[in-house]
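**Student:** coords please:
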Amino acid sequence: MFKSFHAKCGRAKNGRKKCHDPFEGDWQPRRLVIIEFANTEAFKRWYDSPEYSKARAIRFSASTSRAVLLRGV
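**Tutor:** I've put the predicted structure just below:
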């Protein structure tokens, strides 16, 4: 379900595992998800889509998270 949805919105990569090592500050995430989009517009299409809106509501009610959009990386 999510693979076809992400492909439709321009998602290129998704990494989700314990492969990070914070070395400054007190941030100790248990999981890190990186999703790559072709551009900011593709990200906005995905984030504002009806499909992700449903998933986002579930995520907000079930977890605590932080999100950041990195452009030009």
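**Student:** Could you double-check that residue 22 lies in contact with residue 28?
**Tutor:** Yes. Between residue 22 and residue 28 there is a contact at 6.1 Å, judged by Cβ atoms under 8 Å. Any C-beta I mention is one placed from the backbone N, CA and C, and that applies to glycine too.
**Student:** So for the two, which sits in the more crowded spot?
**Tutor:** Set residue 22 next to residue 28 and count neighbours by other Cβ atoms under 10 Å: residue 22 wins out with 10 against 7.
**Student:** ok, and the more buried one, which helix or strand is that part of?
**Tutor:** Assigned by DSSP states H and E, residue 22 falls within no helix or strand.
**Student:** contacting residues for it?
**Tutor:** Contacts for residue 22 (Cβ atoms under 8 Å, 6 or more residues apart in numbering) come out as 28, 29.
**Student:** Now it: phi and psi?
**Tutor:** phi -60, psi 140 (degrees, to the nearest 10).
**Student:** if I look at it, how far off is residue 42?
**Tutor:** Distance, residue 22 to residue 42, by Cβ to Cβ, to the nearest Å: 28 Å.
**Student:** List the buried residues for the host helix or strand of residue 36?
**Tutor:** Using DSSP H and E, residue 36 falls within strand 33-37. Residues of strand 33-37 classed as buried under the neighbour-count rule (16 or more other Cβ atoms under 10 Å) are 35, 37.
**Student:** buried residues in the following helix or strand past it?
**Tutor:** For strand 33-37, the following helix or strand on the C-terminal side (DSSP H and E) is helix 40-47. Residues of helix 40-47 classed as buried by neighbour count (16+ other Cβ under 10 Å): 42, 43, 46.
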